[in-house]
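> Curious how this folds, go ahead:
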Amino acid sequence: MKATVGDRLLVHANAVGERDRTGVITEVMGPDGTPPFMVEFDDGHTVLVFPGPDALVVHK
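Residues are numbered from 1 along each chain as shown. Predicted coordinates:
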C-alpha cells in the first residue's frame, strides 16, 4: 500500500452497524509512500495509522 499526502484513507467497518471511516493522509512516514500514515479523519481526530487489510487508499 502506497500513498501521498492528500490522498484519502478509507477504513471499512469491521462490525455490523458501524460506519466506514474516511480521512485525509496528512503525513506519510514510511519509505517510498508506505505506512504508517498520519490521518486526519472526517470526525476531526488525527491519528497514526498502520492500515490493515480493511483499508484502502483513494488517490487524489
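
> Quick one: neighbours of the spatially closest residue to Met38 that is not a sequence neighbour, just the number.
Excluding the flanking residues, the one nearest Met38 by C-beta to C-beta, 6 or more residues apart in numbering is Glu27, at 3.7 Å. For glycine as for every other residue, the C-beta is placed from the backbone atoms N, C-alpha and C. Neighbour count for Glu27, taken as other C-beta atoms under 10 Å: 12.

> List the strands paired with the longest strand seen in the chain, with their directions.
As assigned by DSSP state E, the longest strand anywhere in the chain is strand 21-28. Paired neighbours of strand 21-28 in the sheet (DSSP bridges): strand 8-11 (antiparallel), strand 37-41 (antiparallel).

> which stretch among those strands comes nearest Lys2?
When the strands paired with strand 21-28 are compared by C-beta to C-beta, strand 37-41 sits nearest Lys2, at 10.2 Å.

> check contacts around the residue most central in space within the chain.
When C-alpha atoms, centre = their mean is applied to the chain, the residue found nearest the centroid is Leu9 (3.2 Å). For Leu9, the contact set (C-beta atoms under 8 Å, 6 or more residues apart in numbering) comprises 3, 22-25, 37, 39, 49, 51, 55-58.

> For the strand or helix carrying Leu48, which outside residues touch it?
In this assignment (DSSP states H and E), Leu48 forms part of strand 46-49. For strand 46-49, contacts defined as C-beta under 8 Å, 6+ apart pick out 9, 11, 26, 29, 35-41, 55.

> Now the buried members of the residues you listed.
Among the contacts of strand 46-49, those scoring as buried are 9, 11, 35, 37-39, 55 (criterion: 16 or more other C-beta atoms under 10 Å).

> List just the nearest of these to His45.
For the buried ones among the contacts of strand 46-49, the residue nearest His45 by C-beta to C-beta is Val39; the value is 8.7 Å.

> Quick check, the closest one in contact with Val24.
Yes: if you go by C-beta atoms under 8 Å, Val39 and Val24 touch, sitting 6.9 Å apart.

> how would you label Pro51: helix, strand or coil?
Pro51 carries the three-state label coil when classified by DSSP: H, G, I helix; E, B strand; the rest coil.
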